[in-house]
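>>> Sequence and computational prediction follow.
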Amino acid sequence: MVQVKLAEDHGAGGFLAGMTMRDSSTVQSLRRQRDEFAGEADRIVTVLENESGSLRLKQHFEATAVEGAMFAWTEITNTGNEAVALEHLSSFVLAGMTPFAADDAPRRLRVHRFRSWWSNEGRLQTQFLEELNLERDWEGCKILTERFGQVGTMPVRKFFPFVAIEDVEAGVFWGAQLAWSGSWQMEITRRGDAVSISGGLADFEFGHWRKTLNPGETFATPVAHVACVAGSLDELTHRLVQLQESLLTNLPETEKELPVIFNEWCTNWGSPSHEKTLALARRLQGSGVKYLVIDDGWAVRPPEATMQSNGDWIVDRSKFPHGLKPLCEELRRMGFIPGIWFEFEACNPGSKAWDQESHHLQRDGRSLRIGSRRFWNLNDPWVTEYLDHKLIGFLQENGFGYLKVDYNDTIGIGCDHADSPGEGLRQQVTGIHQTFKRLRERIQNLVIENCSSGGHRLEPAMMVLTSMSSFSDAHESLNLPIIARQLHHLVPPRQSQIWAVLYPDDTPERFVFSLTATFYGRMCLSGPVHDLDDAQMQVVKRATGLYAQAAPIIREGRTTFIGETPFNWNNPSGWQGIWRENTDGDQALVVVHLFAETLVALLGIPLPAGRGWRIVSALTDETTAAPFIEDGSIYLPQGKPFRGWALLLKRVVTL
């Protein structure tokens, strides 16, 4: 039920040193004392103690509003007379798989993980246990383990904090998603016939984490979202995404209708100005855009800097001669909510902030530098006061209603702390969370976008603190709709901000390929829209109009995946899409993208919900005949490659 290791413990033996910290001598000494029931049995707390009575652990499993999904976390209390040093503590353990097979379940158990790199987030990797060499040994006594995760402050780097086990024959899935923004790990473990999955903070071996627990002190792990379903992986991930959605109870009022965003990054490429912003606003009036965001380049940069020079946050008067308040007031008069970009957790060379070394994270007694960045110590009261002025005060004084928070590198193994670098990192992550909470408390109805070089922070702990997240930095590449679709497994679509960068020389097919990709989540437009001709702007208005109709389904719906995820994302072939049905089952949004291959005939797609539907509105490139429904399938007439469709369907009621 729990895995814990103290610095004083001996390991489990069996060739495991350096591979896992499971099954320590403390774990072997734990005895189950009792079960406690809280909140009319909405929570079961299993209490365990070690033989000496110096440690008490509580494993929490709490019911949620989502059937088949629970919250899990662990508390540990030092009930002894001496300090102890924690080196490993799990948030959850799901053990004893598979209960549906009496033997070692050959060719029956599969592992599902989602891999991630910059601009290639969310690739599903599915492997049988045998492919991971997690096949029981002849004696059945040795522990076999696969430990994976990430170290640093970009939690979605290499892997998403997710793992699932499938019993292929029984059709049952067990899975977990960790809500944590720092170093984390998951373990898939086998002993004999039994397989388990566990996860939590990255341990001392994997993540350099050791924490001193003094007598009487209690420590709680990050929360894990766990689920078990009979059905498919899509069903499992749907439950876990639903669980994230259930926590979104404090969003700004403006977010109810999922307004369209325009971000000028791919318009001005780091060189915004007062006149450029107003020119964009004039062009975008009546387009359906609500949030107009000024990205990097609004603040004074040192002469040698070209972009992302942070820390001092002084408005560049050569670009904004009147400051930003008059601009924000004018944008609001024009019907927009003004937004602005910050990377407030870091500072760069050439800024005065760069020289405030005593307030930066330290490693080995020196300011921690990664690339061109040093990082503020967000638990330092001086830094809190500095950001209250430079960030919160700035937003309030100028009247911004939207904040894009970027974060463009990771601190790696951690920073100086008396206990360990990993504990320094854990406390910095806690400071990050507190800063976001302070932003929300101090500025009511502030819309916050969570960006980390695109999608490096797409995990539940950050998602619940923000209104939406940058899905990726794949703003203009052909893999954009692939990533956007994959993220339906991992984040609520209403929070997945997807960009359509529009150019005047785009073909009709490419123009709509980009626009329809935003229907996988939140629509964000960019590019030189002031150069678009009137016909292209009419297509933009058609897209935003249809998006407004589809927004309730994107906000609350159920995704069914159609087509196949391309094997090569940069050179995709075939087709993919989603069927997203509303909660009442009477409306659906269909989004389809065709890649390199073209078909000479119609592409016929059976409707997942069967017959009885009609198309009520559509966004297509209009280069071929219109799509139509016949005999329970939707048909898309084929033309050139790389095309997209967004279709709103309504169930036909028959008496």
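Done, it's in.
>>> Give me the next element, helix or strand, following the strand or helix carrying Ile448.
Per DSSP states H and E: Ile448 is located in strand 447-450. For strand 447-450, the succeeding helix or strand toward the C-terminus, using DSSP H and E, is helix 460-463.
>>> And the contacts of that following helix?
155, 177-181, 222, 225, 243-244, 247, 433, 436, 450, 469, 491-492, 495 (Cβ atoms under 8 Å, 6 or more residues apart in numbering). Heads up, the C-betas are built off the backbone N, CA and C, glycines and all.
>>> Out of those, which sit inside helices?
Secondary structure from DSSP state H places Leu243, Gln244, His433, Phe436 of the contacts of helix 460-463 in helices.
>>> And those, which is closest to Asp355?
Proximity of these to Asp355 (Cβ to Cβ) peaks at Phe436, which lies at 26.3 Å.
>>> That closest one contacts Thr466, doesn't it?
Yes: Phe436 lies in contact with Thr466 (Cβ atoms under 8 Å); the separation is 6.9 Å.
>>> Any chance you could list residues touching both of these two?
Residues touching both Phe436 and Thr466 (Cβ under 8 Å, 6+ apart): Val405, Ile448.
>>> Can you check the pLDDT for Gln185?
What the model reports as pLDDT for Gln185 is 98.
>>> could you pull out the strands for the stretch 101-250 of the chain?
109-117, 120-128, 143-150, 158-159, 162-167, 172-178, 184-191, 194-201, 211-213, 218-220, 224-230 (DSSP state E, counting those that start in this stretch).
>>> out of those, nearest to Tyr291?
Nearest of the strands of the stretch 101-250 of the chain to Tyr291, taken as Cβ to Cβ: strand 120-128 at 22.7 Å.
>>> now the angle between strand 143-150 and that closest one, please.
170 degrees (axes from the mean of the first three to the mean of the last three Cα atoms, to 10 degrees).
>>> Just checking: what are the partner strands of strand 120-128?
Strand pairing for strand 120-128, determined by DSSP bridges: strand 109-117 (antiparallel).
>>> picking that back up, which one of the ones in helices among the contacts of helix 460-463 is nearest Glu139?
Leu243 (39.9 Å).
>>> Surely that closest one touches Val66?
Yes: if you go by Cβ under 8 Å, Leu243 and Val66 touch, sitting 4.9 Å apart.
>>> secondary structure element for Thr384?
Per DSSP H and E: Thr384 is located in helix 381-387.
>>> wait, I meant Tyr407
Residue-wise, Tyr407 maps onto no helix or strand under DSSP H and E.
>>> State the distance from it to Pro641.
Using Cβ to Cβ, to the nearest Å, Tyr407 is found at 36 Å from Pro641.
>>> which of the two has more neighbours?
When Tyr407 and Pro641 are compared for neighbours, Tyr407 comes out ahead with 23 against 15, by other Cβ atoms under 10 Å.
>>> Of the ones in helices among the contacts of helix 460-463, which count as buried by neighbour count?
Among the ones in helices among the contacts of helix 460-463, those buried by neighbour count (16 or more other Cβ atoms under 10 Å) are Leu243, Gln244, His433, Phe436.
>>> nearest to Ala551, of the residues you listed?
Gln244 (18.3 Å).
>>> Run through the neighbouring helices and strands of the worst-scoring helix or strand of the chain on mean pLDDT.
Within the chain, no helix or strand scores below strand 31-38, which has a mean of 89 by mean pLDDT, DSSP states H and E. Using 3 or more Cβ pairs under 8 Å, 6 or more residues apart in numbering; DSSP states H and E, the elements in contact with strand 31-38 are strand 43-49.
>>> Could you pull out the buried residues of the strand it packs on?
Result for strand 43-49 [16+ other Cβ under 10 Å]: buried residues Thr46, Leu48, Glu49.
>>> what distance separates it from the centre of its chain?
30 Å (Cα atoms, centre = their mean, to the nearest Å).
>>> and what of stretch 501-515?
Counting by Cα atoms, centre = their mean, stretch 501-515 is centred 27 Å from the centre of its parent chain.
>>> neighbouring contacts of it?
The contact list for stretch 501-515 (Cβ under 8 Å, 6+ apart) reads 266, 475-476, 480-481, 500, 525-529, 531-533, 536, 539-540, 543, 593, 619-623, 639-644, 646.
>>> Please parse the chain into its domains.
Annotated domains of the chain cover 4-246, 253-470 [automatic domain parsing].
>>> Of the ones you listed, which is nearest Leu487?
Using Cβ to Cβ, the domains of the chain put domain 4-246 closest to Leu487, at 5.3 Å.
>>> Between the two ends of stretch 514-526, how far is it?
From its first residue to its last, stretch 514-526 covers 11 Å (Cα to Cα, to the nearest Å).
>>> Could you point out which residue ranges in the stretch 151-300 of the chain have low pLDDT?
Nowhere does the stretch 151-300 of the chain drop to pLDDT under 70.
>>> returning to that earlier point: tabulate the buried residues of strand 43-49 (CSV), appending distance to Asp35 and pLDDT.
Putting the buried residues of strand 43-49 into CSV (distance: Cβ to Cβ, whole Å; pLDDT from 0 to 100) gives the following:
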residue, distance to Asp35, pLDDT
Thr46, 5, 96
Leu48, 10, 97
Glu49, 13, 97
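>>> Pick out whichever of these sits closest to Arg317.
Ranked by distance to Arg317 (Cβ to Cβ), the buried residues of strand 43-49 are led by Thr46 at 61.7 Å.
>>> which residue packs closest to the closest one, ignoring adjacent ones?
Once flanking residues are discounted, Thr46 sits nearest to Gln59: 4.5 Å by Cβ to Cβ, 6 or more residues apart in numbering.
>>> just checking, the one you found touches Thr74?
Yes: between Gln59 and Thr74 there is a contact under Cβ under 8 Å: 5.5 Å.
>>> Which one of the two is surrounded by more residues?
More neighbours surround Thr74 than the other of Gln59 and Thr74, with 26 against 22 (other Cβ under 10 Å).
>>> contacts for the helix or strand harbouring the more buried one?
Counting by DSSP H and E, the element that carries Thr74 is strand 69-78. If you take Cβ under 8 Å, 6+ apart as the criterion, strand 69-78 is touched by 2, 4, 54-64, 84, 86, 89-92, 176, 200, 213-227, 239-240, 242-243.
>>> run the last query once more with 7 Å
Strand 69-78 is contacted from outside by 2, 4, 55-64, 84, 89-92, 213-227, 239-240, 243, using Cβ atoms under 7 Å, 6 or more residues apart in numbering.
>>> list the contacts for the residue nearest the centre of the chain?
By Cα atoms, centre = their mean, the mean C-alpha position of the chain lies nearest to Leu458, the distance being 1.5 Å. With contact taken as Cβ under 7 Å, 6+ apart, Leu458 is in contact with Glu121, Val156, Ser469, Leu490, Val491.
>>> what about the longest strand in this structure?
Counting by DSSP state E, the longest strand found in the chain is strand 84-97.
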